[in-house]
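Participant: coordinates only, sequence not included:
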């Protein structure tokens, strides 16, 4: 696995660039933030969409290609993805799992560490309640990243994953011996 780059990035900026991912076959949300201590800055967010009419293999390959381009454009230091949840529809759960596998593999193949967080933990970290709804997540992401224009619910969830990861990284650094 790759290591996190130091806080001095060599591009005139400091802090860690964190990529949050909310995997889905139809619309994988992504959110990029810069974490400098407790300060979080929005860099980008959006949705990586696939065409439902295409065969599954083509959709998965296209998702990987889009994520490869995103990783090349933004060179994140770390990534985090939401863990899978079991859907009522087994077919939907399988498609989600396949898309999530592509997302994890593509990010890891780029040499960055990929953390995984349960949806309930993300909601608790961002909203303060593990049963928060999408509207509450969207609201809190806007509060934590002032001025952000969120590209949709999948992007809001991905930004929430990135924020959660930033908090966990900061907590881990705070407990390291000096």
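Facilitator: Ah, there it is. Quick caveat: nothing in here was measured; it's all calculated off a predicted structure.
Participant: isn't residue 64 right up against residue 102?
Facilitator: Yes: the pair residue 64 / residue 102 is scored as a contact, 5.1 Å apart, by C-beta atoms under 8 Å. All C-beta spots, glycine's among them, are computed from the backbone N, C-alpha and C.
Participant: out of those two, which sits in the more crowded spot?
Facilitator: Legend: neighbour count by other C-beta atoms under 10 Å for residue 64 and residue 102, higher for residue 102 (20 against 17).
Participant: residue 32: how many residues sit nearby?
Facilitator: Around residue 32 there are 22 other residues, counting by other C-beta under 10 Å.
Participant: residue 17 now?
Facilitator: The tally of other residues near residue 17 (other C-beta under 10 Å) stands at 23.
Participant: so it bridges to which residues?
Facilitator: Judged by DSSP bridges, the bridge partners of residue 17 are residue 34.
Participant: and if you look at residue 29?
Facilitator: Following DSSP bridges, residue 29 is listed with bridge partners residue 22, residue 47.
Participant: which ones are touching the closest residue in space to residue 70 that isn't next to it in sequence?
Facilitator: The shortest distance from residue 70 to any non-neighbouring residue, by C-beta to C-beta, 6 or more residues apart in numbering, is to residue 30 (6.2 Å). Going by C-beta atoms under 8 Å, 6 or more residues apart in numbering, residue 30 touches 19-22, 44-48, 67, 70, 155, 158.
Participant: right, I'll call it a day here.
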